[in-house]
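Undergrad: how does the following fold in three dimensions:
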Amino acid sequence: MANKNETRRPSSGLLFYGLMLVVLVVLASVFWGSNYGAREQNTLSDVLQTIDSEDNDVSMVEVNGTTVTVKYKASGAQYESEMTQQVPYEYVDDLIAKLEKAKAAGQIKDYTYVEPFDWGTLIQVIVMLGSVVLVVFIFLSMSRQGKDSNGLFSFGNNRARVMDPNKKDKVTFADVAGSVEEKEELSEIVDFLKDPKKYQQLGAKIPKGVLLYGAPGTGKTLLARAVAGEAGVKFFYISGSDFVEMLVGVGASRVRSLFADAKREAPSVVFIDEIDAVGRKRGAGLGGGQDEREQTLNQILVEMDGFENNTNVIVMAATNRVDVLDPALLRPGRFDRRIMVNEPDADEREAILKIHAKGKPLADDVDLREVALSTVGFTGADLENLLNEAALMTARHNKKKITMEEITDATFRVQMGPQKNSKKLSDKVKKLTAYHEAGHAVVLRATSEFEKVDRVTIIPVGRAGGFTAYKPIEDTDFYTEKMLLDTIKMSLGGRAAEEIFLGEISTGAASDLQQCNRIAKNMIKRFGLSKKFKNMVFGEDNDEVFLGYSMGQVQSYSDQTAAEIDEEIKNIIDECYEETKKILLEKKAVVEGLASRLIEKLTVDGPDFEKIYMANGNLDLAFAAAAPAAVPAETETPAPAESEEGNTSEE
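TA: Presented below is the predicted three-dimensional model:
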């Protein structure tokens, strides 16, 4: 990495353009100077007219090169006059001939003449020779600076950043928390880079390419750096977008330069981040396929599966969209091994939190295990951002240590955005939002066995007028039919509570209804969880992302079946809505009590909600034994939230 205090040298490209500008100015001045002299061709006639005039008494004529000086005394004048004119070089001989005739005719006594020297021709020759020497010098300088990314002709050179494993920024598997299976898969690559002969002697071929794919923020780039760090080899990092330029052929040239540099440093690792920028399916658009991006992809395919063997260069790539990659890029011989980097589970999230908590003073009440259990679905980047937000909030509160309160508030802030505490709410809005959120929370508590309420608030957050946050009791990788139906009921709880307790409904359940329809649709079309279409699925699992391909596809089921699917979706939602209203009528006292508490306090955390629920909505009984300054014994951070404006969790 370059020293920031180092004086920056001028770009060679700017130097080249500056020198070329000077050359052009000099050439223009020389050639245009000649033309300028040609425009003054009347000077010879002026001189001859002065000499031939009978009214003038010429006393001296001097020709010095191309300058002629005439001294004369006009008729009736007391003093002599002098005229000096420049004569073009090609007219000097004619001037001398005229002076000889004037001398013979007695018009002048004599004249002096000094042979002219053609400086213009000499200057033109010097400038032309100098220009040739200058151009040759510049081209030689450019060739020596071929590796300089700021050079004029370096746009086709390798733009990858090279990381030396011996530097301080070295990353190893110890720096990557979680991803146990992923690191086991990559350990074989590390072993090959350390001792390639062990594999070559057995005739084994190590995978030429390793594709890491998964959700954003799961640590794909960090894993690739750890492979190079563990093996102690050079790491070439480049983004897929760095290959593509406006100029034709630049991307392919950069690919050739990248692999040439990597082979010189072999064994080495080449990492192409966001490879889908250049690796998308060819011929997937509506137009032709001979564009710059596809030429770059063709060159990558050739370099990864060329005629050379045992180059000891491992190509790694990362993408979030493996479904859009060209099949030729994924076949054996190129990216032989594909590794999915999953979202971390509870144990892995705890390990990630411990790494990101280094250097941050945590209070004694902070339990990273509880934080890990409460952050289902968070990636490594999300967890890092969570602790950073908590540290910022701690500094804002002028505290010395990060407490569980800051971590909890930071979690809500990351998920939902900052609370709008300054927004004034009318009594009607408070009442509507309170019953809406109370409906969500009570239905969730009454039906769900795998989730629990974490916080209910009617304070506006983002675009939401309030939200009900809940979290899974434990990690799960699947959903049963009952889980999906319970989620639909919980989403409908807000709309049903408005209808039952207020006698009117609002637009606050807009995205709640969208989530209900999405879950019911997936139950029928993807999971085969419907009474009418049991064990049947409709359509492809992955939607086609390319317009050119999707236009040629047809629906895999009839219009009559589509209508029946719509009717089945309606039946599922209607049945869940009726059951939701029954639950709210049975728990009417709890809804009333929770809504009253929300109107008074604006926010009810999980432990307080549980007290209200167990006391059947009797607030005096729920908080009778609580001291005024008592703090809930258990404070946990939330998972996806359910909001008045429709900020709902994914199924």
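Undergrad: got a list of what E265 touches?
TA: Shown in contact with E265 (CB atoms under 8 Å, 6 or more residues apart in numbering): V162, V233, K234, F236. Yep, even glycine has a C-beta here, placed from its N, CA and C like the rest.
Undergrad: need those residues in TSV with secondary structure, can you?
TA: Listed next are these as TSV, based on DSSP: H, G, I helix; E, B strand; the rest coil:
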residue	secondary structure
V162	strand
V233	coil
K234	strand
F236	strand
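Undergrad: just flag the most distant two among those residues.
TA: Farthest pair in those (CB to CB) is V162 and V233. Separation: 10.9 Å.
Undergrad: more neighbours: which of these two?
TA: V233 (24 against 14; other CB atoms under 10 Å).
Undergrad: quick one: that one from V176, how far?
TA: 17 Å (CB to CB, to the nearest Å).
Undergrad: cool, and S506?
TA: From S506 to V176 the distance is 47 Å (CB to CB).
Undergrad: so where do the strands sit in the stretch 201-350 of the chain?
TA: Here the stretch 201-350 of the chain has its strands, by DSSP state E, counting those that start in this stretch, at 209-214, 234-239, 268-273, 313-319, 337-341.
Undergrad: and for the chain?
TA: 56-64, 67-74, 81-86, 112-114, 161-163, 209-214, 234-239, 268-273, 313-319, 337-341, 451-457, 467-472, 603-605, 641-643 (DSSP state E).
Undergrad: got the CA coordinates for the first one in PDB?
TA: Put plainly, it is strand 56-64. In PDB, the C-alpha atoms belonging to strand 56-64 read as follows (Å, rounded to 0.1, in the frame of the first residue of the first chain):
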ATOM      1  CA  ASN A  56      12.600  60.700 -54.000                       C
ATOM      2  CA  ASP A  57      16.300  61.200 -53.700                       C
ATOM      3  CA  VAL A  58      17.600  57.700 -52.600                       C
ATOM      4  CA  SER A  59      20.800  58.000 -50.700                       C
ATOM      5  CA  MET A  60      21.300  54.400 -49.500                       C
ATOM      6  CA  VAL A  61      19.900  50.900 -50.200                       C
ATOM      7  CA  GLU A  62      20.900  48.100 -47.900                       C
ATOM      8  CA  VAL A  63      19.800  44.400 -48.300                       C
ATOM      9  CA  ASN A  64      20.700  42.300 -45.200                       C
END
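Undergrad: buried stuff in that strand?
TA: Applying a neighbour-count criterion of 16 or more other CB atoms under 10 Å, one finds N56, V58, V61, V63 buried in strand 56-64.
Undergrad: ok, that strand: who's next to it in the sheet?
TA: Strand 56-64 sits in its sheet next to strand 67-74 (antiparallel), strand 112-114 (parallel), going by DSSP bridges.
Undergrad: can you check the third one too?
TA: Sheet neighbours of strand 81-86, with direction, are listed as strand 67-74 (antiparallel) (DSSP bridges).
Undergrad: for the residue lying farthest from the centre of the chain, grab phi and psi.
TA: Distance from the centre of the chain peaks at G106, with 91.4 Å (CA atoms, centre = their mean). When read as degrees, to the nearest 10, the backbone of G106 gives phi 80, psi 10.
Undergrad: how close does it get to Q49?
TA: From G106 to Q49 the distance is 17 Å (CB to CB).
Undergrad: do V341 as well
TA: For V341, the distance to Q49 - CB to CB - is 95 Å.
Undergrad: now do V255
TA: With CB to CB as the criterion, V255 and Q49 are 75 Å apart.
Undergrad: between those two, who's got more neighbours?
TA: Neighbours per residue (other CB under 10 Å) separate V255 from Q49, with V255 holding more: 26 against 10.
Undergrad: buried sites along stretch 424-432?
TA: L425, V429, K430, K431, L432.
Undergrad: which of the residues you listed fall in helices?
TA: Of the buried residues of stretch 424-432, the ones assigned to helices by DSSP state H are V429, K430, K431, L432.
Undergrad: export the residues you listed to CSV and tack on distance to L297?
TA: CSV is the format used below for those (distance: CB to CB, whole Å):
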residue, distance to L297
V429, 55
K430, 58
K431, 59
L432, 55
